[in-house]
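A structural model of the following input is requested.
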Amino acid sequence: MARRFKRTIKNKKVRHKLVENNNNKRSKLHTKLVKNAKLFVKNLSGHNLTDHETLLLAKGVKFIINPSNKNAIRNVMEDFDEFSRKLRCRYLYNDGRIYKRQPFYINSGYKPLDSCPAIENYIFSTKIELSRMKINKHTRNISAEELSAIRNLKKNNNIIIRKADKNSTLCILDKDNYLREGLRQLHNIHYEEIVESNVKEVAETAFSIIRDLHNDNYIDNITFKYLKENINTTEVGKFFLLSKIHKLTQNILSEMERNETARRENLIPGRPIVSLCGIFQLC
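Next up, the predicted model:
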């Protein structure tokens, strides 16, 4: 009996149908993911977020991209060199006693010479094995479109991205409105504007007090060295705001998302934060 259709035509139709079904499933899944991501992203700026930018921002401010494994072997070898240094120090200077370590002690980083032959053979053999180690292929935890979205958001100087206060929502704000709210909070009786930073004078005063304490034998050399190194950094703290979107009604937030005039008329209250990371701390 003659076939009513060719097998190749049938196979093409089946493959085309499978591809079409898979594309429909991906499209539905993408739509669902974007819909869920919008629950954690509040766009209160004039920038129109793309779907991939929304998916990226919904991951949160603590999301970290998988680092490249280009220098993985070199990093492993550096870590093993530090382990070898500690191993040699333990062999040469450990006498079995337990010492009460000074809480402000700073490691010297001393690198001793070769210790016993057994330890040196172990270190040499391990380095050979580590140099032969094969690194698995680097896998990304974001798509290429989301990686491009990061670059586009970093280039946009008209928006500010901050975590909202008291919830996990990420807010995208117009930079002008963000600065207006910050200046509004600073221009009151609680703050005083100064011509230039006086951090250096404060650091010098603190150092003179620490030096007097050391000269009068109130603190030992280790504590003095620790405080002296910490006080060398004389940078000012960073001031920023966390948006209090919970103070606004849902109707106002919806109107601000759609209307630029509403964003200018309704300033989002912010919780002031002064970050002291990177400056000298004595407590």
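
alpha carbons only for contacts and neighbour counts from here, please
OK.

Now Gly182: closest residue in space, sequence neighbours ignored.
Leu241 (7.2 Å; Cα to Cα, 6 or more residues apart in numbering).

Tell me, how many residues neighbour the one you found?
By other Cα atoms under 10 Å, 19 other residues sit near Leu241.

try the one 3 residues further on
Residue crowding around Lys244 was assessed by other Cα under 10 Å; the count is 17.

go on, the one 3 residues further on?
Residue neighbour count, defined by other Cα under 10 Å, stands at 11 for Lys247.

The residue nearest to Gly182 contacts Gly270, doesn't it?
Yes: assessed by Cα atoms under 8 Å, Leu241 is found in contact with Gly270 at 5.1 Å.

Report the set of residues contacting both of these two.
Among the neighbours of Leu241, those also in contact with Gly270 (Cα atoms under 8 Å, 6 or more residues apart in numbering) are Gly182.

Could I get the full set of helices for the stretch 101-250 of the chain?
117-131, 144-155, 175-186, 199-215, 221-230, 250-258 (DSSP state H, counting those that start in this stretch).

Quick check: buried residues in the fifth one?
So that's helix 221-230. Thr223, Phe224, Leu227, Lys228 (16 or more other Cα atoms under 10 Å).

With the last one instead?
Of the residues in helix 250-258, those scored as buried under the neighbour-count criterion (16+ other Cα under 10 Å) are Leu253, Met256, Glu257.

Tell me who's in contact with the first one.
Leu253 is in contact with Leu44, Ile245, counting by Cα under 8 Å, 6+ apart.

what do you get for the one 3 residues further on?
Applying Cα under 8 Å, 6+ apart, we find Met256 in contact with Leu44, Ala262, Arg263, Asn266.

Give the residue spans of the stretch 1-150 of the chain that score low on pLDDT.
In the prediction, the stretch 1-150 of the chain carries residues with pLDDT under 70 at positions 1-7, 9-10.

Strands along that one, start to end?
41-44 (DSSP state E, counting those that start in this stretch).

Just give me the lowest mean pLDDT stretch among the helices of the stretch 101-250 of the chain.
Lowest mean pLDDT within those: helix 221-230, at a mean of 84.

angle of that helix against helix 199-215?
Using axes from the mean of the first three to the mean of the last three Cα atoms, to 10 degrees, one finds that helix 221-230 and helix 199-215 are set 170 degrees apart in direction.

if we can go back for a sec, what subset of the contacts of Met256 is buried?
Leu44, Ala262, Arg263.

and which of the residues you listed is nearest Asn157?
Leu44 (15.1 Å; Cα to Cα).

rewinding a little: so which of the contacts of Met256 belong to helices?
Ala262, Arg263 (DSSP state H).

Can you tell me which of the contacts of Met256 lies closest to Asn36?
Leu44 (17.9 Å).

quick revisit: can you pull the contacts of the residue nearest to Gly182?
The contact partners of Leu241, by Cα under 8 Å, 6+ apart, come to Arg162, Gly182, Gly270, Arg271, Pro272, Ile273.

Could you list which residues are in contact with the third one?
With contacts defined as Cα under 8 Å, 6+ apart, the neighbours of Gly270 are Glu181, Gly182, Leu241, Leu242, Ser243, Lys244.

what do you get for the fourth one?
Applying Cα under 8 Å, 6+ apart, one finds that Arg271 lies in contact with Asp165, Leu241, Leu242, Ser243, Lys244.

repeat for the second one
Listed by Cα under 8 Å, 6+ apart, the contact partners of Gly182 are Phe240, Leu241, Gly270.

Apart from its neighbours in sequence, what residue is nearest the last one?
Think Gly270. Per Cα to Cα, 6+ apart, closest to Gly270 is Ser243, 4.4 Å.
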